[in-house]
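**Q** For reference, the sequence and a predicted model appear below.
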Amino acid sequence: LPDGSVKSDFISESFWQLLGEKPNGQKLSFEKIYASIYPDDKWLYQSLHCKPVKHSKPLTYEMRLVTADGKIKWIRENNFFLDETDGQVMVEKHLADITRCRKIEEQLHRYQRLLKQQEIDESQRYHAFEKENRMRTAFYLNVIERFTDIILVLEANGNIKYISPSEEKIMGYSTSQNSK
C-alpha cells in the first residue's frame, strides 16, 4: 500500500507450514515475515521490499527463513507484479522450500572440491614419481658407466640395446662403431 503497509488477500496453508506454524486465524504482517528471515539475509529482504514497488519484470531471489522451532530453511521467492486499476500494485508471491536442493548443491560443491584436490594430489604424486625415476635412472647409468666390466643388454632378436663404455677400453674398439 502507499503507506508501506502490507495487505494480504490470501495466504496459503503451505506458507504457514514453511514458517513451521499453524495460522490459527493470525494475520500476516510485515513484522511477522521480517522476524522469520535469517539475520544475514534481512538486508536482501529490506533492499527488495522496503522500496516503492515499480517492477514490471518478475523478481526471483533466494533467502533463508528461521522456522518457529529454530530450523533454517532455504526458500526461493518468485514475485509477479500486477498493476491494479486504482494505481496500486498487486504482488503475487510464490515461495518454494529449496532446502533439500541447497544441501545437494553444497554436497556437489564439496565433492567437486575433493575431486579437484585429488587431481592435484595425483598430479603431484605422478611428478614426484617421474622425478624420482629420472634420478634413479641417472644414478644407475652413472654406476654402470663406471664399471670396469662390460655390461651388454640385448634385445630378444639379438640386437644390442645397450653396451657399457668400458667395452671400448677392454676390447680396444667399440662394437657399436663396427656394427654401423
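**A** Everything's here; your move.
**Q** ok, which stretches of this structure are strands?
**A** All strands of the chain, identified by DSSP state E, fall at 59-66, 72-83, 89-97, 152-154, 160-163.
**Q** can you put those strands in a markdown table and add mean pLDDT and distance to residue 108?
**A** Quick note: C-beta positions are derived from backbone N, CA and C, even for glycine. Output for these, formatted as a markdown table (pLDDT from 0 to 100; distance: least, C-beta to C-beta, whole Å):
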| stretch | mean pLDDT | distance to residue 108 |
| --- | --- | --- |
| strand 59-66 | 91 | 16 |
| strand 72-83 | 88 | 15 |
| strand 89-97 | 84 | 19 |
| strand 152-154 | 86 | 52 |
| strand 160-163 | 85 | 51 |
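**Q** quick one: which of those is nearest residue 134?
**A** In terms of C-beta to C-beta, the element of the strands of the chain nearest to residue 134 is strand 160-163, at 17.2 Å.
**Q** Parallel or antiparallel, list what pairs with the closest one.
**A** As defined by DSSP bridges, the strand partners of strand 160-163 come to strand 152-154 (antiparallel).
**Q** still on that earlier bit, turn the strands of the chain into a markdown table, columns for mean neighbour count and distance to residue 128.
**A** Rendered in a markdown table, the data for those read as follows (neighbours: other C-beta atoms under 10 Å; distance: least, C-beta to C-beta, whole Å):
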| stretch | mean neighbour count | distance to residue 128 |
| --- | --- | --- |
| strand 59-66 | 16 | 44 |
| strand 72-83 | 15 | 43 |
| strand 89-97 | 14 | 48 |
| strand 152-154 | 11 | 28 |
| strand 160-163 | 13 | 27 |
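**Q** possible to save these as JSON lines with distance to residue 111?
**A** Formatted as JSON lines, the entries for those read as follows, by distance: least, C-beta to C-beta, whole Å:
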{"stretch": "strand 59-66", "distance to residue 111": "21"}
{"stretch": "strand 72-83", "distance to residue 111": "19"}
{"stretch": "strand 89-97", "distance to residue 111": "23"}
{"stretch": "strand 152-154", "distance to residue 111": "48"}
{"stretch": "strand 160-163", "distance to residue 111": "47"}
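**Q** who wins for proximity to residue 146 among those strands?
**A** In terms of C-beta to C-beta, the element of those nearest to residue 146 is strand 160-163, at 14.7 Å.
**Q** Would you tell me which of the strands of the chain gets closest to residue 15?
**A** For these, the distance to residue 15 is smallest for strand 89-97, at 6.3 Å, taking C-beta to C-beta.
**Q** Just give me how far that closest one sits from the chain centre.
**A** How far strand 89-97 lies from its chain's middle: 30 Å, per C-alpha atoms, centre = their mean, to the nearest Å.
**Q** Many thanks, I have nothing further to ask.
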